[in-house]
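In: fold the stuff below for me.
(chains A, B and C)
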Amino acid sequence: MHRLFVIPTLLINVSIILIPALLTIVLAFYRWDGISDPTFIGFANFEKLWGDRIFWKALKNNFIWTAIFLVFPIAIGLLAASLLLIIKRGRTLLQVIYFLPMIIATVITARIWQGMIYNPQNGIIALLNQYGFELRDPLSQTSTALFGVAVVDLWHWWGFMAVIFFAAMRQVSQEQIESARIEGANYFQLMRWVLIPAIKPTIALMMIMTVIWSFLVFDFIYIMTQGGPAFSSEVLSTMAYRKAFYELDVGYAATSALVISLFGLTAAFFYIRIQNKEGVE
Amino acid sequence: MAQVNIQNIEKFFGETEVLKNISLSIEDGEFLVLVGPSGCGKSTLLRMIAGLEDITVGDISIGDKVVNNLPPKERDISMVFQNYALYPHLTVAQNMGFSLMLARAPKAEQERRVNEVAVILGLTNLLERKPKQLSGGQRQRVAMGRAIVRDPKVYLFDEPLSNLDAKLRVAMRAEIKLMHQKIKTTSVYVTHDQVEAMTMANRIAVMNAGRIEQIGKPLEIYDNPKNVFVAGFIGTPSMNLLAATVDLSGNAPLAVLSADLSLPLPLDTDLKEGQKITYGIRPEHLNIASNGAPVKVNVIEPTGSETHLMLSFGEESLVLVARDRVALSPGEMINVAPDLSRVMIFDLESGDRI
Amino acid sequence: MNLVESRTTTTIIYIILAIAAFTALFPIALMVLNSLKTTPEIASSPLALPLTPHWDNYTHAWQGAKFSKTFINSAVLMSMTIFLVLSTGSLTAYVLARKKIKAWKVITAYLLATTTAPIQLFLFPLYFGFAKLGLINNVFAVSVVYCALFSPFSIMLLRTYFLAVPKELEEAALVDGATPWQVFSKVYLPMVWPGLLTVALIVGLYTWNEFLIATTFLQASESRTAVVSYFLLSGQYSTDWGDLMAGAMLVTAPIVILFIFLQRHFIEGMTGGSVKG
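Out: Model prediction:
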């Protein structure tokens, strides 16, 4: 009887995710344009990927992206969360404000930043330039495009981290914090010896998730730069998407997708271990 | 109404054996209490009768039917849980009528039954409330009401009074007993509280470590415990159980507790010189007597109706319950003597009554 | 924490937190402000107040992005997805929470694994498969895709709500004569509705905002979602920023209003399961 209960979920999940994922693995060994019959080409797609300059560029960008997001949102989130823990009034309001960017659609966020901030004709950059700065649209420069997008994603993301860390810190026993304060711990000592050790499992989980999400990043880059200019902000997922739907090289796209998954998989392994440990208890 | 038969039941949770070859038959209309320390398997046994745990080995039958493989709903039982298990989203009336609603009984019939039972339990004014708005005692009553509405062959109670405060517990104890005298449905009641067991049961089954140590009427068990465990478990304050050696060299047989303390043994015992025994005497059967054994008074606990004395000799300690008030102070030496007809002798090693 | 802090410490803390709040709100404020201005006004200063509010930006955006059609598409897609996720997910969450089947561990691990799989891993075969079956531009087919995507986390979240229901209630219901289906529908479901509401809100939010699947599978102008049609509008004539900000306001407003009223459900739901004790 209870076996029937899980059938709808499994049926949907297997047919939408598992079977197509397995097909992707198969497709990686074929040349296919999505229309005509696929041709088996062995490891040719993998060899092509190995020699593809853009692939290496995209992979490097994924690593840079991961590094940025492992450092900034987590650091800012920890700072904001610990300060929220100290204040007495306004916690809920501030939490709501910090969380707000998280609920706005990526497309909207991207357009606000492109039009209102980065735009050299009518954005904040234009305004600053009137006061003698010489700023250019970061998205139009190969040297800054990736960072330009990262700033927007960061804006949308850090509040989420702050709220999660705050929720975790609130579970630390009041007595621990109070006795540390009475014993004379200052802010940094309190963080170093009480708060951060106490919420370490949450931080670890968020770091694992950050690695996973960083290899999946797609929306902001696809919407704001399409990986440009000159592939300077290309990441693996935008590259795979373009190969499949613009260049109709589906087999090659599948190969790139497999590589993305490999990186995600390593992190996912740790993620499932942590989550399952909780499930068993 | 039905009798419940339990035959050679064993239960394993993974590798651990929690019930070891249990056989027990509960008569039609009987109120049987399963009592024992926590972890002795009493709740597991009850849940197996209910069908909430499966049976590893053996048979359980209710009436004439073996129910091993029947789901709970087909066993015609009802159960009162320790935490009441009331559905928080339903009113008192809906909680009580839940089983009838599931069975799709006619609306009028449902209402009639619920009202009938509500009158018996004094819940009529509370029928439209939600469990959250009730006191602990009221919730307990609703849980009972839900069981009664179903009019089952067997009632199962899983420590139903343990979440109530002491006063309410005594009141509900009497109420359940009264109700059973009225409706006379076979009941199995699990508790860890031996006072509850003594006061409510027709028969008690004392359980320990997955086994039934003794089955019998409450006073039978009190007066004639089969072994050290039952002797120590039933009765408060619990029986004094002291390791001793038999000395038959003098005029009267003695139990030597230590170099300087011996207590008399009944004359007609069949003991050998030097035999190792456990000497058992209930605190109320120990008296202050000038010709008795010398012990030191450590603590005096007046309870009002009686006085508990914590006594010691050497490393060992003894409890004495005196009906009369005593004028003693801690540190004083007194002499105590047992009521010889009430002394119980157990084998030191096996713990069995001799 | 109720410790007495010195005045200066408190002030510094509030200043830092206020700067953070300003950072979060500033771009949103720019959207609100400039949605009422003409493009030349914006160009002269994005920070200035509008001389007269240009409400017709909103009508332009409404027509330009065909919101009268695409809002309905989004709403339909959202309702179908919420329905699918709740109906299939609550059943699975119950079975996993109560370990009703032996395979609960395997299923849990599988579902967790799928939450970490990149969309690109299954996107391409799925797209060409749907194309073959004629399911492109089919709103129902997309809601099934969303259901597969959002179910795992929804199930993990609902699981915690099911776990909070005392096991004795289920046993009492079984003794009272309930079938497994009745235990689920009559005992558990009424008790986990706060969880269902939270999941509905979050799945609704994700569906409303989702871009990659929507833009890939719903291309025809009559089946597009609001977010995708806004994306296409902003790509077409990216010069009229007043109109674009008005359009952004239209897409965002329903969510923000809902968020402000039900913020606790949103925050608890989206952060749920991430806090490890």
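
In: look at residue 184 and report its pLDDT.
Out: No chain specified, so I'll use chain A. On the pLDDT scale, residue A:184 is placed at 74.

In: oops, chain C please
Out: What the model reports as pLDDT for residue C:184 is 93.

In: hmm, residue A:5 and it touching each other?
Out: Yes. Contact criterion Cβ atoms under 8 Å: residue C:184 and residue A:5 qualify, at 7.4 Å. Heads up, the C-betas are built off the backbone N, CA and C, glycines and all.

In: shared neighbours, these two?
Out: Common contact partners of residue C:184 and residue A:5 (Cβ atoms under 8 Å, 6 or more residues apart in numbering or on different chains): C:91, C:94.

In: quick check: mean pLDDT across stretch A:29-39?
Out: So the average pLDDT for stretch A:29-39 ends up being 84.

In: ok and the residue in the stretch 101-250 of chain B nearest chain A?
Out: Proximity of the stretch 101-250 of chain B to chain A (Cβ to the nearest Cβ) peaks at residue B:102, 15.9 Å away.

In: now name the helix or strand holding the closest residue to residue B:199 other than its chain neighbours.
Out: Closest residue in space to residue B:199, ignoring its immediate chain neighbours: residue B:173 at 6.0 Å, by Cβ to Cβ, 6 or more residues apart in numbering or on different chains. Assigned by DSSP states H and E, residue B:173 falls within helix B:166-183.

In: thinking again about what came up before, test my guess that the residue nearest to residue B:199 contacts residue B:198.
Out: No. Contact criterion Cβ under 8 Å: residue B:173 and residue B:198 do not qualify, at 10.5 Å.

In: does chain A sit close to stretch C:30-49?
Out: Yes. Judged by Cβ under 8 Å from any Cβ of the partner chain, stretch C:30-49 comes into contact with chain A through C:30, C:31, C:34, C:39, C:42, C:43, C:45, C:46, C:47.

In: buried sites along stretch C:24-40?
Out: Within stretch C:24-40, the residues scored as buried using 16 or more other Cβ atoms under 10 Å in any protein chain shown are C:24, C:26-28, C:30-31, C:33-39.

In: point out where chain C drops to low pLDDT.
Out: C:1-5, C:236-238, C:272-277 (pLDDT under 70).

In: what residues does it put near chain B?
Out: So chain C meets chain B at C:166, C:168-169, C:171-179, C:182, C:186-187, C:190-191 (Cβ under 8 Å from any Cβ).

In: excluding covalently adjacent residues, which one is nearest to the closest residue to chain B within the stretch 1-150 of chain A?
Out: Of all residues in the stretch 1-150 of chain A, residue A:1 sits closest to chain B, at 10.2 Å by Cβ to the nearest Cβ. Nearest in space to residue A:1, with sequence neighbours left out and distances taken as Cβ to Cβ, 6+ apart, is residue C:180 at 4.6 Å.

In: give me the number of residues near residue C:92?
Out: For residue C:92, the number of neighbouring residues by other Cβ atoms under 10 Å in any protein chain shown comes to 26.

In: can you tell me how far it is from residue C:159?
Out: Residue C:92 sits 9 Å away from residue C:159, going by Cβ to Cβ, to the nearest Å.

In: joint contacts of the two?
Out: With Cβ under 8 Å, 6+ apart as the test, residue C:92 and residue C:159 reach no residue in common.

In: doesn't residue A:121 belong to a helix?
Out: No. Under DSSP: H, G, I helix; E, B strand; the rest coil, residue A:121 sits outside any helix and is assigned coil.

In: how close does it get to residue A:196?
Out: 45 Å.

In: cool, residue A:13 as well?
Out: For residue A:13, the distance to residue A:196 equals 37 Å [Cβ to Cβ].

In: burial measure for whichever residue of the stretch 51-200 of chain A sits closest to chain B, as a count.
Out: Taking Cβ to the nearest Cβ as the measure, the stretch 51-200 of chain A has residue A:171 as its residue closest to chain B, at 25.3 Å. Residue neighbour count, defined by other Cβ under 10 Å, stands at 12 for residue A:171.

In: just the one 5 residues further on next, same as before
Out: If you count neighbours by other Cβ under 10 Å, residue A:176 ends up with 14.

In: have a look at chain C and report its longest helix.
Out: helix C:67-97 (DSSP state H).

In: do any residues in that one lie close to chain A?
Out: Yes. Counting by Cβ under 8 Å from any Cβ, chain A has neighbours in helix C:67-97: C:84, C:87, C:88, C:89, C:91, C:92, C:94, C:95, C:96.
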